[in-house]
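K.L.:
I would like the atomic coordinates for the input below:
(chains A and B)
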Amino acid sequence: MTAQNPVCNGKECTLRARGVTKRFDSLVVVDDLDLDVMISEVVVMMGPSGSGKSTLLRCLNGLEWIDAGQIDVAGVRVNPDGEGIHELRTNVGLVFQQFNLFPHLTAIENVALAPRVVRQMDQGLALELARKHLEQVDLGNKLHRFPAELSGGQQQRVAMARALAMSPKLLLFDEPTSALDPQMIGEVLAVMKDLAQSGMTMIVVSHEVGFAREVADRVLFFDDGKILESGKPLEVLNNSTHPRARTFFDTVL
Amino acid sequence: MTIAITVLSYLLALLLGLGVGLMQISNRRLLVMFGKGYVDVLRGVPLLVQIFFIYFGLGRIFNLDRFSAGVIAVGICYSAYMAEIIRAGIESVAHGQHEAAASLGMTPAQTMRHVILPQATRIIVPPSASEFIACLKDSSLVSIIGLRELTRAGREYYSQYFVDFQTWLLVGVVYLAMTLLLTRFTRYLEKRFAVRGYGTGLRR
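P.N.:
Numbering: from 1, shown residues only, chains lettered A, B, ... in the order given. Next up is the predicted model:
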């Protein structure tokens, strides 16, 4: 099966979301949202807590069913009827704030599990793939450690390797450094930067301004279920015109 | 005989308990209601009454012998307790585990098998083992329908030789020997299932 990428503004792209809406009862959390992400683009999304950023990521990964709109990634289209949601999950990776590693499995088993079970890869090949990805996140010497024996930063890097092992077309990060001690944030951001430079398409929800300035192709300001600002990092961070974005960036910068 | 009844009824309890435990956490309302009703009814009626009901009631209809009736009665009764233990074990696994597995494209069945049950097992093993011990002791109740297990054998011996104290002392000691052995085995299992740095594994 050749995965047909969606087309955004006449160009082939990774993600094309149109009219995406998510409600929890009467509360609209994602409001008629359009979002295009180009191939190898790195998008950093910022916004107040409770603004729906996490929910949007969960919709783009297929963890939440959408109430309206459509999401296209690599030949998979998801509608509110939930069809294709499973294929969406296998094509879009998600790195959680709390890592959510499988505590009963070692690092290498954590990474090899989904390739083995979902892609039905042979055990030996899956372990080889897992080793490769753990080396990529600089954990080649911790293959057989259990999650509880690793630091927060190491656990988050295992979580990245686990997502990468499914060769996602798009990798989502939900505040990947918010649960980490300051000295571990750097090692996680460094791996994310390497990934970005290797051409991975990424949407990162994070308030790491330095990372946004240095690595992002585009910064979004998200509030009340809508994208209120979108542009080059410096433009959005320093010269937002939207009053709510202005107040927000004045406090985080 | 006591051992055969215990092992067979416990296996039945484990199988039924897993089924009913999974029913209670499914997202079909009817299954959940059935599971909860099953547990409530069976836990609410004394085992002795259940043994009478199955042997004299269902036994007549299905023509069950004493042995099968005894095993089925004890097995069904304990399946309700096992269902609760299994349900609690599965529910104790963090919600993030389901999400992490789903985000990797695993189906609910794959998630249950590879992620949730292996973790739940570690929580389920210790209380299940103590249920096994309780099951062994409660198997004495089937002597009431004439099954010749340990307690019944004791009664027969007593009625033949009229030595009450010695007989029941001996019966008690035999039960105690079996349960003590099982308690040792339980501790071994707990250690065996512990994972380095996870849950009880930390204390090793």
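K.L.:
so where does residue A:179 fall, helix or strand?
P.N.:
Using DSSP states H and E, residue A:179 falls within no helix or strand.
K.L.:
also residue A:36?
P.N.:
Assigned by DSSP H and E, residue A:36 falls within strand A:27-38.
K.L.:
same check on residue A:250?
P.N.:
Per DSSP H and E: helix A:243-252 holds residue A:250.
K.L.:
and if you look at residue A:221?
P.N.:
Using DSSP H and E, residue A:221 falls in strand A:218-223.
K.L.:
counting contacts, what elements does the longest helix along chain B pack onto?
P.N.:
In chain B, taking DSSP state H as the definition, the longest helix is helix B:164-193. If contacts are counted by 3 or more CB pairs under 8 Å, 6 or more residues apart in numbering or on different chains; DSSP states H and E, helix B:164-193 sits against helix B:117-138, helix B:150-161. (Glycine included, C-beta is placed from N, CA and C.)
K.L.:
buried stuff in the shortest one?
P.N.:
Just to be clear, that refers to helix B:150-161. For helix B:150-161, a neighbour-count test (16 or more other CB atoms under 10 Å in any protein chain shown) marks B:150-154, B:157-158 as buried.
K.L.:
equivalent analysis for the longest one, please.
P.N.:
For helix B:117-138, the buried set under the neighbour-count rule, 16+ other CB under 10 Å, comprises B:117-120, B:122-129, B:131-133, B:135-136, B:138.
K.L.:
now that helix against helix B:150-161, angle please.
P.N.:
Angle of helix B:117-138 versus helix B:150-161, following axes from the mean of the first three to the mean of the last three CA atoms, to 10 degrees, is 10 degrees.
K.L.:
the residue positioned nearest the centre of chain A in helix, strand or coil?
P.N.:
The centroid of chain A falls nearest to residue A:172 when counting by CA atoms, centre = their mean (0.6 Å). Secondary structure, DSSP: H, G, I helix; E, B strand; the rest coil: residue A:172 is strand.
K.L.:
who in the stretch 101-250 of chain A is up against chain B?
P.N.:
Contact residues (CB under 8 Å from any CB of the partner chain) of the stretch 101-250 of chain A with chain B: A:101-104, A:113-114, A:117-118, A:146-149, A:162-163, A:166.
K.L.:
restricted to helices, list the residues you listed.
P.N.:
Reading helices off these with DSSP H, I get A:113-114, A:117, A:162-163.
K.L.:
among these, who's most crowded?
P.N.:
Most neighbours among those, by other CB atoms under 10 Å in any protein chain shown: residue A:162, with 30 neighbours.
K.L.:
quick one: contacts for it?
P.N.:
The contact partners of residue A:162, taken as CB atoms under 8 Å, 6 or more residues apart in numbering or on different chains, are A:101, A:110-111, A:113-114, A:133, B:104.
K.L.:
again, 7 Å this time
P.N.:
Counting by CB atoms under 7 Å, 6 or more residues apart in numbering or on different chains, residue A:162 touches A:110-111, A:114.
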